Every structure is written in structure tokens, then in C-alpha cells.
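Visitor: need coordinates for the following:
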Amino acid sequence: MRDERSLLEAVLGDGRFLIALTGISLVLSGGFAVLQSVSGQLLPHDSRAIGMDATALMHAGNRHLLGFMFHDRVAYGGSLLAIGSGYLWIAEFPIRTHKAWAWWALLFSGSIGFLAFLTYLGQGYLDTWHGVATLFLLPVFVTGLWRARPNQFSIRSVWNCSYDGENVFARWGRLLLVVTAAGLILAGITIAIFGMTRVFVPSDLRFIELQPSALSRISPMLIPLISHDRAGFGGGLCSIGAFLLLTARCAELNRSFIEIIGVMGCFGFGCAIGVHFAVGYLDFFHLLPAFVGFAIFAVADLLLWIGKKRSSQTGSSQDL
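Guide: Numbers count the residues shown, from 1 in each chain. Got it, this is the predicted structure:
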């Protein structure tokens, strides 16, 4: 039979390419945010907004102020790396086999992620680069989601997921991963609300050694700029949490599932926790929730790995 597909139809396909393209774009954006922060420089449009570059800002404030801003941006970049990696995995594995739960995971996490752009309204700083990226990615993601839609849209497919035959290690691993996901959603909502309103928590101001009034005197747009990254990070955490919640409940316990959970954790927790040590922001109570979340997450992935290994050994024994 002759292949009469158009070039557009070939590109759109079953939506997996567009979903993967979204994931690649998020990974590249997250990596750029991290590397740009490591360079010690502000983005050009950020410098224009506050009227000074990184060196001038450090002189107007102090080195802790600049480090604090970079710590927010690295954490935000880590969340983009994590969710982008998850999208690449879900496009290659569950979506390829037309799993309905995977489509719902993309719908919920993607909707939260794109809506998080609107958190800029809290303080009024519009990041033009972020806006352009959102305008580019949104139609790509929506088209991919439409092309990958399942035959049945009922969300009951998510709640009907069941792996009762799994061993106790796998079941506990899934449960702890659900707990982690719920914690990320709660933390994300809290951070997004604070980012849009108060912006700072007391430990932030102790680290910066400057009060909001002093920051406003340095530049009226400085707090809105900080708010943008902080609120965006909160939205990123909510997006990751929604993704993990459905994945933990429904994904088949296989090698790629366990590996992508580990990769997402390395990116997300690694950036969010590691940057605090890099800039010297080591307040115990500020870091405690992140360390607790990471510990639960690590144990969950370990239990899933043990459960997978035990299942493989049991299957091999039965074959003999």
C-alpha cells in the first residue's frame, strides 16, 4: 500500500513527537536557567527591568541578595528539568502503548504548568522570554495532547488502576511516592501563594539581611522579579506532583519507570537542595521539608526497585 500521508500528518503522528518536543524544550529551558545562574549573570531583560546588571545589584545590596535570586532560579530550573524528563519518558513508553492514565497525567500536569505562567500577575513582572516560550510551547503541547487522546476520556481509568498482585515492597514504594507527590503539590501551592503575595518568608530576609523596603529602594521591580521565579517554582512543583501522583498509582512497575523516577528526583531535589549549599543559605527549618521529602522519595524509589527485583526473581523461579 502506498503511504499517502501528508508531511504535516507525519509530523503530528500520534502526538508523541509533539509531547517529546515539549519535554525537550522544558529540559533545555531548565538547563539554561541553571547554567545562567551558575554564570553569575542576570538575563538581559531582567537587568533592564531593575535598571542594573548583576555586579551593580550586588554593590547596591549584597552578595546574599544575588545568591538568593540565583537560588530561586536554579530551583525553578530543576523543576523544569524534572518535568521535562518525565514528559520524554511518558511519550516514549506509556503513551506509545495508549495508556489512558498517561494522557490524564499529561493533561493535569501540563495544565498546571502552563497556568503557572499567570502567577506573574501577583506582582506584575512579565518575563518576556518566559512569555514567548509559553506561546510557542502551548500549541505544541495541546496539539500533541489532542493527537494522543485515548479512545475513552473517562477518568475512571485512573482510579481503576490496580496492582494488587505486586509484592509488599512495590506497594509501599507506590504509597510513599504518592505521599511525596501530595507533599510536592502542597508545597507548590504554598510557595506559589507566598511568591505572589508576601514573596519572602522570615528565613529569606535573615539570609538576605535586607528588608522589603530596602529592596524596593534598590529598584521598584526587584521584588516583582524575585516573585516571578518563586511563584513559578511553586507552579513547577505542583506540576511535578500531579504527574507523579498518577504515575505512582498507574504506571507499570518496570525498569524505565524506576529509572525516570530517579532521574526526576535527581534533577528536582538535587537542584532545590544543592543550590542552598552553593549560596550558603543553610537555615535548618527552611531546608527541613526538602530533606524530609527527598528521604521519602529516595526510600520510595528504592522500594520500587526492590519490588521489581523480587518480582523478577519470583517469575524466574516459577518458569523453572
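Visitor: ok, G265 - contacts?
Guide: A82, F294, F297, A298, D301 (CB atoms under 8 Å, 6 or more residues apart in numbering). For the C-beta atoms, the positions are set from N, CA and C on the backbone; glycine is no exception.
Visitor: how about residues contacting the lowest-mean-pLDDT helix or strand in the chain?
Guide: Using mean pLDDT, DSSP states H and E, helix 156-159 stands out as the lowest-scoring helix or strand of the chain, at a mean of 71. Contacts to helix 156-159, defined as CB under 8 Å, 6+ apart, come from residues A100, W101, W104, P150, L246, R249, C250.
Visitor: can you do 6 Å?
Guide: A100, W101, W104, L246 (CB atoms under 6 Å, 6 or more residues apart in numbering).
Visitor: picking that back up, dump the contacts of G265 to TSV, plus pLDDT and secondary structure.
Guide: As requested, the contacts of G265 are exported to TSV (pLDDT from 0 to 100; DSSP: H, G, I helix; E, B strand; the rest coil):
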residue	pLDDT	secondary structure
A82	97	helix
F294	97	helix
F297	96	helix
A298	96	helix
D301	96	helix
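Visitor: what about the helices in the stretch 151-300 of the chain?
Guide: Along the stretch 151-300 of the chain, counting by DSSP state H, counting those that start in this stretch, helices occupy 156-159, 168-196, 202-208, 212-218, 222-250, 255-279, 284-319.
Visitor: what number of residues lie near A192?
Guide: Around A192 sit 23 other residues, with neighbours defined as other CB atoms under 10 Å.
Visitor: pLDDT wise, what is it at?
Guide: Here the pLDDT value assigned to A192 is 93.
Visitor: ok, the nearest residue to it once chain neighbours are set aside - contacts?
Guide: Leaving out its chain neighbours, the residue that sits closest to A192 by CB to CB, 6 or more residues apart in numbering is G234, at 3.0 Å. By CB under 6 Å, 6+ apart, the contact set of G234 is G188, I191, A192, G195.
Visitor: now do 7 Å
Guide: Shown in contact with G234 (CB atoms under 7 Å, 6 or more residues apart in numbering): G188, I189, I191, A192, G195.
Visitor: any idea how far it is from L35?
Guide: 22 Å (CB to CB, to the nearest Å).
Visitor: what do you get for A181?
Guide: Shown here: A181 relative to L35, a distance of 28 Å by CB to CB.
Visitor: who's more crowded, those two?
Guide: A181 (22 against 11).
Visitor: which helix or which strand is home to the most centrally placed residue in the chain?
Guide: In the chain, the centroid-proximal residue (CA atoms, centre = their mean) is S79; its distance is 3.1 Å. Using DSSP states H and E, S79 falls within helix 63-92.
Visitor: got a winner among the contacts of G265 for most neighbours?
Guide: Result: A82 is most packed of the contacts of G265 (other CB under 10 Å), 31 neighbours.
Visitor: from what I can see it touches C266, true?
Guide: No - counting by CB atoms under 7 Å, A82 does not reach C266; the two are 8.4 Å apart.
Visitor: low-confidence ranges, the protein, go.
Guide: Counting by pLDDT under 70, the ranges of the chain that qualify are 1, 153, 157, 164, 314-320.
Visitor: one more time with 50
Guide: When residues are selected by pLDDT under 50, those of the chain lie in 319-320.
Visitor: show me the contacts for the nearest residue to I185 once chain neighbours are set aside.
Guide: Distances taken as CB to CB, 6+ apart put G241 closest to I185, at 3.6 Å, once the chain neighbours are dropped. By CB under 7 Å, 6+ apart, the contact set of G241 is A181, A182, L184, I185, G188.
Visitor: would you list the buried entries among these?
Guide: Neighbour counting over these (16 or more other CB atoms under 10 Å) leaves A181, L184, I185, G188 as the buried ones.
Visitor: and those residues, which is closest to L210?
Guide: Among the buried ones among the contacts of G241, G188 lies closest to L210 (CB to CB), at 26.2 Å.
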